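Student: Need a 3D model of the following:
(one chain, ligands or ions: 1)
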Amino acid sequence: QKYSAQAFSSKEEFEFQKETVRHVETSLARSLYNCDELAAYAGASLAIRDRLVISWNKTQQHQTFVDQKRLYYLSLEFLMGRTLDNAMLNTGVKSIAKDGLGELGFRIEDVLEQEHDAALGNGGLGRLAACFLDSLATLNYPAWGYGLRYRYGIFKQEIVDGYQVEVPDYWLSFNPWEFPRFDITVDIMFYGNGKQCTSWEGGEIVQAVAYDVPIPGFGTSVTNNLRLWSSKAASGEFDFQKFNSGDYESAVADEQRAETISAVLYPNDNLDRGKELRLKQQYFWVAASLHDIVRRFKKSRRPWKEFSEQVAIQLNDTHPALAIVELQRLLIDTEGLEWDEGWDIVTQTFGYTNHTVLPEALEKWSVPLFQNLLPRHLQIIYDINLFFLQSVEKRFPKAISIIEESTPKSIRMAFLAIIGSHKVNGVAELHSDLIQTTIFKDFVKIFGPDKFTNVTNGITPRRWLHQANPRLSELIASKVGGLGFLKDLTLLSELENYVDDKDFKREWMEIKYANKVRLAKHIKSANGVTVNPSALFDIQVKRMHEYKRQQLNIFGVIHRYLTIKAMTPEERKKVVPRVSIFGGKAAPGYWMAKTIIHLINCVGNIVNKDKDIGDLLKVIFLEDYNVSKAEIICPASDISEHISTAGTEASGTSNMKFVLNGGLIIGTCDGANEVEDLRHKHFYGKHELDPDLRRVFDEIEKGAFGPPEGFSALINSVTVHGDYYLVSDDFRSYIQTHALVDEAYKDQDEWAAKTIMSVARMGFFSSDRCIQDYAESIWNIEPSTFEA
Ligand code: 26W
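Tutor: This is a model prediction of the structure:
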C-alpha cells in the first residue's frame, strides 16, 4: 500500500536505524544504553532531517535556476503542530522508521509523542496557513511562507479549580526543524522622521534574522521553505559606544527591547486591541520579508515592470497589509520609480484574503500611534487614500476613506488591503457573498465584481486523515484503488458504492469505535473520568468565543441533564448515552469566554458524579486544545458542533476535519440577513425567553452547579443585555435537532451509511483544491518539478 514516487524511492534504502543511532551517539553524545524516548525522538528527527535537507536544497536550487513566478504567503500565524510524523509520511519512510525504532525497543507512537507542538498561531487562520504550505509543496508550486519566529507560541492552558490559567509556551529548547541563517539579516527601522516625497531618517534600528523551516510535499521531491524572522539588537557602532562609555545597562536594555518584538504571539483571536508592540511586529516582519523578496528579484536583473510576473504575495488577513505601503515606499523612495509606476506594480502583486466579518476583529491603527512609529508610511497611506478618493465619484465620501474620522483618527487596514490588491477573497461561498454585500459593498461598486471572489477553504488530507486516522485511511485506500486519494481527494466519491456493503460498514464502525476508545483513554488520564466509548460522542473544540456559542451547547447539556433527572427508570432506558466534550482556549482578557469555560467545568463536576445519571451523560472539558490533540479528537466524534450565530463564522475548518473522519455535524443554517432584525426586536419588541431555557437559567441561579454569582454576567447577556448572539432565538431548534440526532444514532446501520456518504462527498474540501484555485485565479503560478 506504500505510495511510491517518494524522494528516496529511487535511491538506495534509507538506513534510518543506523542514522538514528549515529545521531544519538554523536549529535546528542549519548550512549545507546542511555537512550530514552526523548533521545530517540531527537535522533530520529535528525536522521529524517538529513534526508529532507537534500531535497530542500535541490528544490531551492532548481527554483532559482528556472526563475519562474513564486508565491509568497505572508501570515503572522503558522499553526504547524508536530513535524516528525508528517515528515516521515511525506517522504515515504514511515514504515522503515517504525520497524527501525521497534528493533531499538521503542513504539513509534511513544517517540512521536515526545515532540512539542509548534503552536505559532491562534486557531483557524494559523492552521489554514499550515495546511496551505503542505498543499503548495505537494502540488509542486514554488512558494515560500513568511512569518515571525515567536519565542513563545500560544499559551498552554491549564484548568485549575475549573478556571483557565495561562502558562507560557517555551517551545524552542530543542527544535531540529529550524535552520538559523545568521548570514541572512535585515536592518529594520522604526520611529524617526518622514520627509515628504523623499525619505525616512534617523530612527531606531532592529535586526531581523532568518530561520528557515523545510516544508516537504507528500509523494514529491519538492521541499519548500518557511522563513521565520527573529528580532535582535542591531550590532553596530551604537552599542559599542554604549559599552565603551560604561553604559552597560542601557545597552542591555536595547538588546531586550529589540528581542521583545518577536517574543510572543498575541493570543487574541478575532479581537483587535491596537497595541503598539503588535504594530511593531507587523512592520518588522513585513519589512524583512519584502526586503528579502525584492533582493531575490533584483538578482534576476529584470526590469521593475516584470515584478508582478515573478512575484505574487498573498496577505493572510490584514495583518500584513503594511506590505502594500512598504513596497510602494521601496519603489518610490529607494528605487526612484514614479508614483503611478510603483502603484501599478504594487496592486498587481498583492492579493488579500478576508477571514472575518466581526467588527471588533477588523484592524484599525490609531493615526498618532502610527505616525510616531512609521512616519513615512503614514504619508504614503495619506497619498494612497487621496489618489483613491480622487479617482472615484463623489457619491461615496467618508464611508470608503482609509482614514476613519474618529478621535483619534484611525487607519482601516481592510480598506487599505482592498485598494492595494488586485483580488480580494472570502473563505466560503456564504462568507464571500456576505463581505460583498455588507462590509465591502461600496468597493464592489467602485472596482466592479471581478475584483472580489470566493476561494473555499480546505484541509490537508495527509495530516487530517492519513496521519490522524491511519486505519481509516488504509480502509479507504483498499476500496478506492490505493493511497492516491490522498493526492486527489475527489476519488473518495468511490466510497458511495460501499454504503450498503455490510463488511465495509462493520469495519468502518469498528475503526470509529477504536478511535473513541483512544480518546476515552486520553480523557481518563487527563480528566480522571471514565467515559463509555459506546456512548454518542458530541464534540465542540475551537477557540472559546461568544459568537461560536459554546454557551448554547452547555445550556443544551444542562437541559439534557434536567430532562434525564426528571425521567422514570423506564424512560431512562430509552435515552441514548452521550458524552459532551468541549475544548478550546479563551483569550486571556476575554472574561465572558472564561466564564463559559468555568460553567462547563462546573456542570461536568456535578453531572459526572451524579449516580442517577451514570453513563447517560458525561461532560468533559479537555485542557489545552491544540493541533496534536485535534489529531486524536477529530477521528473520535459521532457528531461535532458548528453552531455559531448565523453569518459570523467565515468558514470553519474543523467541520471538514470531523466529517472527513466519519463524523456528522450539527450546524447553524444560513440566516445572516435575519440577524439584525432579531437583535433589534430584543431591544424594542417583546423578547420572551424559551421556557426550557428559563429553567436552565433558574437551575444555574439556584446554585445547582456551584456559586451562581460567577455566572450572572453570562445569563444577563442573554436575558437583559439584548442577547447579541441570539442564543435564546435558536435554543428550541437546537434542542430539537439534538433529539433528531439521538433518534438517528439508534439506527447504527443507517448512521454508518450517512457517515460513509458524507466522507464520499468530501473531495472538494481538500486544501489541494483550494490551493489550485488560488494558483489559477489569483496567483497565476505554475507547478515545477525536477528529477530527485
Ligand atoms: C487582530 C486580531 C485578530 C487575530 C486573528 C483578528 C482576526 C484574526 C483571525 C482572522 C481570526 C481567524 O482565525 N479567523 C478564522 O479564519 C479561518 C480560516 O479562514 C476560518 O475558517 C474561520 O471561520 C475564521 O474565524
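Student: Would you mind listing what in the chain touches the ligand?
Tutor: 122-125, 128, 268-272, 317, 355-356, 361, 363, 427, 457, 649-653 (Cβ under 6 Å from any ligand atom). Placement of C-beta: from N, CA and C, glycine included.
Student: mind running it again at 8 Å?
Tutor: Proximity of the chain to the ligand, by Cβ under 8 Å from any ligand atom, involves residues 76-77, 122-128, 266, 268-273, 278, 317-319, 353, 355-356, 358, 361-363, 427-428, 431, 457, 543, 649-653.
Student: Which members of these are classed as buried?
Tutor: Buried members of the residues of the chain next to the ligand, counted by 16 or more other Cβ atoms under 10 Å: 76-77, 122-128, 266, 268-270, 272, 278, 317-319, 353, 355-356, 358, 361-363, 427-428, 431, 457, 543, 649-653.
Student: which intervals of the chain have sub-threshold pLDDT?
Tutor: 1-13, 197, 236-240, 397 (pLDDT under 70).
Student: Can you name the next helix or strand after the helix or strand where I188 lies?
Tutor: Using DSSP states H and E, I188 sits in strand 179-190. As assigned by DSSP H and E, the chain's next helix or strand after strand 179-190 is strand 193-194.
Student: can you give me how far that following strand is from the chain middle?
Tutor: Distance, stretch centre to chain centre, for strand 193-194: 37 Å (Cα atoms, centre = their mean, to the nearest Å).
Student: Begin at 51 from now on, thanks
Tutor: With 51 as the first residue, the last one maps to strand 243-244.
Student: just the strands in the stretch 551-700 of the chain please.
Tutor: Ranges of strands in the stretch 551-700 of the chain, per DSSP state E, counting those that start in this stretch, are 586-591, 628-633, 667-672, 689-692.
Student: The second one to strand 586-591, inter-axis angle?
Tutor: It stands for strand 628-633. 10 degrees (axes from the mean of the first three to the mean of the last three Cα atoms, to 10 degrees).
Student: how many other residues sit next to the nearest residue to E305 once chain neighbours are set aside?
Tutor: Using Cβ to Cβ, 6 or more residues apart in numbering and skipping the chain neighbours, the partner closest in space to E305 is A283 (4.4 Å). When neighbours are counted by other Cβ atoms under 10 Å, A283 registers 19.
Student: again with S441
Tutor: 9.
Student: related to what we said a few turns ago, for the strand holding I238, enumerate the helices and strands it packs against.
Tutor: strand 254-266, helix 326-349 (3 or more Cβ pairs under 8 Å, 6 or more residues apart in numbering; DSSP states H and E).
Student: Distance of the residue of the chain positioned farthest from its centre relative to A301?
Tutor: In terms of distance from the mean C-alpha position of the chain, S295 ranks first, at 47.6 Å (Cα atoms, centre = their mean). Distance, S295 to A301, by Cβ to Cβ, to the nearest Å: 9 Å.
Student: hey, where'd the strands end up in the stretch 351-500 of the chain?
Tutor: Remark: strands assigned in the stretch 351-500 of the chain by DSSP E, counting those that start in this stretch are 361-366, 400-403, 414-416, 453-454, 460-462, 473-476.
Student: Which secondary structure elements does the second one sit against?
Tutor: Identification of packing neighbours for strand 400-403 by 3+ Cβ pairs under 8 Å, 6+ apart yields strand 361-366, helix 372-379, helix 463-469, strand 473-476.
Student: Please apply the same query to the fifth one.
Tutor: For strand 460-462, the packing partners by 3+ Cβ pairs under 8 Å, 6+ apart come out as strand 414-416, helix 417-423, strand 453-454.
Student: Thank you kindly, that will do.
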